[in-house]
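>>> Below is the structure, and that's it, no one-letter string:
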């Protein structure tokens, strides 16, 4: 049997009507776009322009010096050291924050008052100002701080938490993890709670243990949450500054200076806003590349969930 | 017609709004309706230098010049150094500022070379930039000093204060043997103070143009600072500088020395002000930082106290010059400023403790040509940006056990990177 179909040519809508249809979207989205351009795009362009100058912050007179600031970023040993420490903080911080956050979320996801209390306790450090956390841990870990006083009473020699390079770096990372893992835990909890209980019931019927359920059901189904947690933590830790300022002030021997700490120091203490802007532009690019890389790398796991 | 009426209404409302918000052509040049000239003075407001102090300080000037009203501008927590660039960029510069002029700042400042009171002020030559005088100060803030606990020295059998680095090292050994913590230092910014007090008196005495030579890449850090860094590393190894110093904050270090927990304390002359206000402090004396044996005329690190500059943006530069002249020449005004912040100037006495009198004597005994900057420097004697942080970091590395050679090498690398 043969049949033929004739397709009527599409009628073009009048231009006025097209614009009328689009108008609500433009009106409602316009302010957001304007704010985004004014608050993000324009400052980014200004930062890039500034990074090509020797502006010292005092006068509106400055000289364009091309990419000289950018070459100095890679030549300046202090900036390079700060970048390396920032990478270490970002890597270990991201792994630990998510590892601890996930483990605790899995442990206290169930109902019950104790779990509710534990969630509150674990989340609490995240809502405290990072500066206060830095000062708090500085008082705890200082040579004559609470921990060393306690060790002294027990006849154990003092530990140079903040005065020896290796210990100080570890102290900074662990303090950051302590202050941040609550946020990761809450996101993981939200993800775990959204997994339909039927999957667990089916797995139980199949004889899966709790660990097997976690590995085969929970982990794959919270893949999108995992991606969000990884990206947010990584981006947040690449910008870490305030804990460092309050805990070690970048010391000892400048060993705990992060790149943002260095940017602020160069820009304002040294009046080198052009050089600081160059570092900021590079940090922005690195952050964007890493954020996108993690997102793409996680896409496979997320596709499995969608399937 | 409707359009015209709307336009007129909007215009009227806009004009009214502008008038109400003060944007409709107010006189922002500092003149007032009664013909009085308003001078804005941006100054550091601290626990010592309160707004009341500043207002009291300029009151006699205002009495003598009824046509001038001095308004004290408090920069708040950000301080003058951070506030000034912001105000300049915003086009809201003060008339007078209490801040050390830098090469970056100089184009924004009035050249005071034509005023005798500026060219003859303390450290005027040292602070000049391209031969021009951009500030006038009131006195000296000495830096190359070692405060010492007289009881500790007596217990260690040290009868005379050290006059060479070698004698100082020997004294530290005796103090340690007597059970004292020899050197009191701390973390934060203060760590490098001791290394600079140890090194600069010799380095600048040997090469008065050391700052210029280092900036131009004509001298290396390891050549000039080598003996001081090696001596400091020895002090650390011998336990004269405690390894846990880096965890001590500046106020705690100061308090530890004041209460007699340590024997010597390298610090600036402002410490005398703290000692004067302390309750039951240890018996403290001070000696000038010595140089290595064989050095003649050890250099004395010093900053100018209360440097005042006039902004080019000021519309009242003559009135501002009158004010600065008053601040740096009026005997009462100068003495009051010296006293309130523990600074010194030969010939300007104020009620001071025995320790203050010792410092005053050091100022009187120090020839003008012996003065040198410390840290990053000032005027034309400056090192690349970031030097103060770098030497502080490397001094901390020394205390942490990094060998002297590694520190010297790191500093050479830093200079190579920053001087191009």
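Perfect, I can see it now. Because the structure is predicted, anything quoted here is derived from the model rather than measured.

>>> what mean pLDDT does the longest helix along chain A have?
Longest helix of chain A, by residue count under DSSP state H: helix A:273-306. The average pLDDT for helix A:273-306 rounds to 89.

>>> Mind listing what's buried along stretch B:237-247?
By 16 or more other C-beta atoms under 10 Å in any protein chain shown, the buried positions in stretch B:237-247 come out as B:240-242, B:244-247. Backbone N, C-alpha and C define where each C-beta goes, glycine included.

>>> who touches the closest residue to residue A:188 other than its chain neighbours in this structure?
Nearest non-adjacent residue to residue A:188, counting by C-beta to C-beta, 6 or more residues apart in numbering or on different chains: residue A:105, 3.6 Å away. Neighbouring residues of residue A:105 by C-beta atoms under 8 Å, 6 or more residues apart in numbering or on different chains: A:184-186, A:188-189, A:191-192.

>>> Which ones among those lie within helices?
A:184-186, A:188-189, A:191-192.

>>> Spell out the secondary structure type for residue B:182.
Residue B:182 falls in the strand class when you classify it by DSSP: H, G, I helix; E, B strand; the rest coil.

>>> So for chain B, the centremost residue is which one?
residue B:303 (5.0 Å; C-alpha atoms, centre = their mean).

>>> Surely that residue is within a strand?
Yes. Assessed with three-state DSSP, residue B:303 lies in a strand.

>>> So what sits opposite it in the bridge?
Counting by DSSP bridges, residue B:303 is bridged to residue B:141.

>>> Residue A:82: helix or strand, and which one exactly?
Taking DSSP states H and E as the criterion, residue A:82 maps to helix A:77-107.

>>> what about the nearest residue to residue B:78 once chain neighbours are set aside, neighbour count?
Nearest non-adjacent residue to residue B:78, counting by C-beta to C-beta, 6+ apart: residue B:86, 7.9 Å away. If you count neighbours by other C-beta atoms under 10 Å in any protein chain shown, residue B:86 ends up with 14.

>>> pLDDT wise, what is residue B:86 at?
Here, the pLDDT recorded for residue B:86 equals 84.

>>> Mind telling me what element it is part of?
Here residue B:86 sits within helix B:79-89, counting by DSSP H and E.

>>> now the helix holding residue A:82: how far from the chain's centre is it?
Mean-position distance between helix A:77-107 and its chain equals 9 Å (C-alpha atoms, centre = their mean, to the nearest Å).

>>> got it, and stretch A:197-214?
33 Å.

>>> cool, stretch B:112-132 as well?
17 Å.

>>> Only the buried residues of that stretch, if you could.
Quick answer for stretch B:112-132 (16+ other C-beta under 10 Å): B:112, B:115, B:117-118, B:121-129.

>>> Show me what that stretch is in contact with.
With contact meaning C-beta under 8 Å, 6+ apart, stretch B:112-132 is reached by B:100-101, B:103, B:106, B:111, B:133-140, B:302-305, B:307, B:309-310, B:321, B:324-325, B:328-329, B:345, B:368, B:371-373, B:378-381.

>>> Now which of those would you call buried?
By neighbour count, with 16+ other C-beta under 10 Å, these hold B:100-101, B:106, B:111, B:133-140, B:302-305, B:307, B:309-310, B:321, B:324-325, B:328-329, B:345, B:371-373, B:378-381 as buried.

>>> Mind checking which of those residues are in helices?
Using DSSP H, the buried ones among the contacts of stretch B:112-132 in helices are B:321, B:324-325, B:328-329.

>>> For chain A, state which of the residues you listed is nearest.
Distance to chain A across these (C-beta to the nearest C-beta) is lowest for residue B:324, with 19.8 Å.

>>> Look up how far residue B:333 lies from the closest residue to that closest one other than its chain neighbours.
Spatially, and ignoring its direct neighbours in sequence, residue B:324 is nearest to residue B:308 (4.6 Å; C-beta to C-beta, 6+ apart). Applying C-beta to C-beta, to the nearest Å, the value for residue B:308 to residue B:333 is 11 Å.

>>> can you list the domain ranges for chain B.
Using automatic domain parsing, the domain parsing of chain B gives B:28-136+B:307-342, B:142-303+B:359-418.

>>> which one of the ones you listed is the most hemmed in?
Most buried of the domains of chain B, by mean neighbour count (mean count of other C-beta atoms under 10 Å in any protein chain shown): domain B:142-303+B:359-418, with a mean of 20.

>>> What average pLDDT does that domain get?
Domain B:142-303+B:359-418 comes out at a mean pLDDT of 94.

>>> Helix or strand: which one has the residue nearest to residue B:288 when sequence neighbours are not counted?
With sequence-adjacent residues excluded and distances taken as C-beta to C-beta, 6+ apart, residue B:288 is closest to residue B:362, at 5.6 Å. Assigned by DSSP H and E, residue B:362 belongs to helix B:354-365.

>>> what's next to that helix, contact-wise?
Applying C-beta under 8 Å, 6+ apart, the external contacts of helix B:354-365 come out as B:140, B:142, B:145, B:147, B:269, B:272, B:275-276, B:284-286, B:288, B:300, B:342, B:344-346, B:349, B:352.

>>> quick one: low-confidence parts of chain A?
Along chain A, segments meeting pLDDT under 70 span A:1-12, A:305-307.

>>> how close does the spatially most central residue of it sit to chain B?
Centre of chain A computed as the mean C-alpha position; nearest residue by C-alpha atoms, centre = their mean is residue A:236, 2.5 Å away. Here the criterion is C-beta to the nearest C-beta, to the nearest Å. By it, residue A:236 lies 26 Å from chain B.

>>> Is there a neighbour count for the closest residue to that residue other than its chain neighbours? I'd like the number.
Of all residues not flanking residue A:236 in the chain, residue A:180 sits nearest, at 7.2 Å (C-beta to C-beta, 6+ apart). By other C-beta under 10 Å, 27 other residues sit near residue A:180.

>>> Hmm, residue A:180 is touching residue A:92, no?
No. Counting by C-beta atoms under 8 Å, residue A:180 stays clear of residue A:92, with 11.9 Å between them.

>>> Cheers, nothing more for now.
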